[in-house]
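J.: predicted model, plus sequence, below.
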Amino acid sequence: MLMREIRDIISSSKATGWVLEPEAKRLFSFLGLDVPRFVWAKKVEEAIQFAEKIGYPVVGKVVSPKLVHKSDKNGVEIGIANDEKLKETFRRFSQIDGFAGMLVEEMISGIELIIGAKVDDQFGPVVLLGIGGTGVEIYKDVTLKMAPLALKDAESLIRCLKAHSLLEGYRGSKPVNLREINRLLMTFSELVMDLESLIESIDLNPVICSPTRCVVADARIMLRQ
Amino acid sequence: MNLEPLFKPQTLAVIGVSLSNDRHPANVVYYKNHFRHQAKVFSVNERGGLLQGEKVYPNILDIPQKIDLAVIATRAEMVPGIMSDCIQAEAGGAVIISGGFAERGRMDLQERVATIASEADFPFIGPNCLGTYSFPYVDTFFIPAERIVRPEKGRVALVSQSGGILVDHMIKLAEEGVGLSKAVSIGNKALIGEMELLHYFTDDPETGVIVFYVEGFKKGEGRSFVLAASQCPKAVIVLKSGKTPDGTRAVSSHTASIAGDYEVFSSILSQYGVVEAKDEFELIAFAEALSCYQKPIEGRIGIITGSGGHGALAVDACLSHGLSVPLLSEQDQSEIREKISPRIQAIASLSNPIDLTGSVVDDDFVSAAKILSTKQEVDCVLILLLPYTPGITSDLGARLSQIYRQDGKPLIAYVPHVEKYRMFIEGFQLNQVPVAHSIEEAIHMAVALRRRQPC
């Protein structure tokens, strides 16, 4: 069953055709998933206040209903180290078409993954897991399953990645929190089943995984037209 | 819906025979069934008359016997009316050979026919198809009997959207000595499609393996198909065409662009243990292997051969297909060494692959296979047999097949396929052991058993 908050987010995004990143993150945190601490700053002062509270460095992202692919317009700035740089970035973003504020969030480090879903014409909702986050099309290391996932499907999504040893601890590095990835995949699969009639696809990209956390660092929900 | 009349009719009406053109598809169907198959066959043409001295009926309703299967080969426009006649005559079902429906933009005509049939719960195959081949009962393919290569009766059922692909695979099955239970070309699949045939063949006692050639599923049909196939106790093999993307897809999200139609199809088949054949070579090898063995393996292969080179090539092929070739322990190796002929004890290499050398005799193969079949380390045994090895006889296939029956570990043989060695090949095949014509194909057969395992 969909929570009312989730239904509200989806229905208020209908006009845009997709759910803006801060709203998508709010949706995933409703589901108990880990998202970076963030603020949607409409004014530069709010951005600075938040950055000073959580401490630099931070990530800045443009929010614009006219921009589906932020990186196409240099709309993401990673590793902002001080007030100066934050102001400059805010100014730059405000020139972008449809500017509706700036997302300021904590920097997360770890292995980047993509978790995605689409509603396939022949098979209905499917869930995808891939290595590389934004670089996924370069690595082409992805696994796919029909939703809803059983726990063994989630485990096999991870196990069947070519680079699975990277996640399970490679050459002395600590394994990432596999239980958190499983939990994320299972929750995501349920959501996708519930949203089947409303969505075209969802990208959680990147999901950043470390030995402790598994954080949805960006999310995009494309609605069915 | 009862599909039995489509495959086991006792009476057949061929509607649309020509009185002037004996090469008309309907005439071909009429003659081949008249001369070669068990169903009693009647011909229909609205003008009536005689065809080679046999009465031609003006309408199916005029035939004095109840008809189990009507084969319709008239112009498309006439089909809805004929379909209603068939239903009124209480026929059991129909095959519509005629083209000129959805594939020619006449979706309306096709829908009319489908509606008439489904309202009467009347099963039909097609239109625009070859229909059913079910020896010795019926053959609705409009291909003269002498042009068809007929596989022996066996356990593989073939279902194909394309008639040409179907006939081609029948030839290949015959060539490899793989038996066929029934074949059906479904054409435009206006009423009966993959789903209905999956259910029919799941219950068909003659069929052990169900093979589909699929171009595409209708909306949502892929999901119901894999879910049903995963519940089917028989192996289901699918070959898909149209694997390459059309390139016109809008890249609105990464997932949508990476998870193309084929990637989704292939991943979901393996999720549910539905065996995907990537090409026609795999398809035939898979059908042969899975008509002998139903149980999936994990893919830990034991290899027994009389030639080191064959063993080495087989290991390479196994590893490149993601199968493993585990080493045997010293203890297991000495167990085998004690059981083989004294003259090869010192020269045989027993770590896996087991190379029994050119001095091997039947007993050595049998002893090694027996021991290997009891070991947890392997779950499938490959026998690479060189019939030119002087100490080998054609009894070997029958003797080795006994081991499978005792220990349940599938055995796959490789024997070069030339006429001279036919007795060796049949020694395996007639005892339900699949025989590959190349080392690579033997590995494909093992891959088939592994793909039965949901991943």
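T.: Yes, it's here.

J.: same question for the lowest-mean-pLDDT helix or strand in chain A: list its buried residues.
T.: Least confident helix or strand, chain A: helix A:136-139 with a mean of 80, by mean pLDDT, DSSP states H and E. The neighbour-count check on helix A:136-139 (16 or more other Cβ atoms under 10 Å in any protein chain shown) flags A:V136 as buried. In short, each C-beta sits where N, CA and C put it, glycine included.

J.: tell me which other helices or strands that helix touches.
T.: If you count contacts as 3 or more Cβ pairs under 8 Å, 6 or more residues apart in numbering or on different chains; DSSP states H and E, helix A:136-139 packs onto strand A:124-131, helix B:254-258.

J.: try 7 Å
T.: Contact partners of helix A:136-139 among helices and strands, from 3 or more Cβ pairs under 7 Å, 6 or more residues apart in numbering or on different chains; DSSP states H and E: helix B:254-258.

J.: show the average pLDDT along the helix it packs on.
T.: Regarding helix B:254-258, the rounded mean pLDDT is 74.

J.: also stretch B:314-332?
T.: Rounded to a whole number, the mean pLDDT of stretch B:314-332 is 97.

J.: how about stretch B:226-245?
T.: For stretch B:226-245, the mean pLDDT works out to 90.

J.: equivalent analysis for stretch B:66-85, please.
T.: Average pLDDT, stretch B:66-85: 97.

J.: downstream of the least confident helix or strand of chain A, the next helix or strand is which one?
T.: Sequence order places strand A:142-146 as the next helix or strand after helix A:136-139, per DSSP states H and E.

J.: mind listing what's buried in the longest helix along chain A?
T.: If you go by DSSP state H, chain A has its longest helix at helix A:178-195. Of all the residues in helix A:178-195, those buried under the rule 16+ other Cβ under 10 Å are A:178, A:180-186, A:188-192, A:194-195.

J.: ok, B:A448 to B:V211 distance?
T.: 11 Å (Cβ to Cβ, to the nearest Å).

J.: with adjacent residues omitted, what lies nearest to A:A100?
T.: Of all residues not flanking A:A100 in the chain, A:V63 sits nearest, at 4.8 Å (Cβ to Cβ, 6 or more residues apart in numbering or on different chains).

J.: need the pLDDT of the one you found.
T.: What the model reports as pLDDT for A:V63 is 92.

J.: how many neighbours does it have?
T.: A count of nearby residues for A:V63, using other Cβ atoms under 10 Å in any protein chain shown, gives 22.

J.: quick one: it and A:L103 touch, right?
T.: Yes - between A:V63 and A:L103 a contact is recorded at 5.6 Å, counting by Cβ atoms under 7 Å.

J.: give me the residue from the stretch 251-400 of chain B nearest chain A.
T.: Of all residues in the stretch 251-400 of chain B, the one sitting closest to chain A is B:T255 (2.9 Å; Cβ to the nearest Cβ).

J.: show me where chain A has strands.
T.: Counting by DSSP state E, residue ranges of the strands within chain A are A:18-19, A:38-41, A:58-62, A:76-80, A:102-106, A:111-120, A:124-131, A:142-146, A:199-209, A:214-216, A:219-223.

J.: OK, contacts around B:G81?
T.: B:G81 sits next to no residue when contact means Cβ atoms under 7 Å, 6 or more residues apart in numbering or on different chains.

J.: now the helix or strand harbouring it - C-alpha only, CSV.
T.: B:G81 belongs to helix B:79-88 when assigned by DSSP H and E. What follows is helix B:79-88, C-alpha atoms only, in CSV (Å, rounded to 0.1, in the frame of the first residue of the first chain):
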residue,chain,number,x,y,z
VAL,B,79,-12.6,-17.3,-43.7
PRO,B,80,-15.1,-15.7,-41.2
GLY,B,81,-18.1,-17.4,-43.0
ILE,B,82,-16.3,-20.7,-43.2
MET,B,83,-15.3,-20.4,-39.5
SER,B,84,-19.0,-20.0,-38.6
ASP,B,85,-19.9,-23.1,-40.7
CYS,B,86,-17.2,-25.1,-38.9
ILE,B,87,-18.7,-24.1,-35.6
GLN,B,88,-22.2,-24.9,-36.8
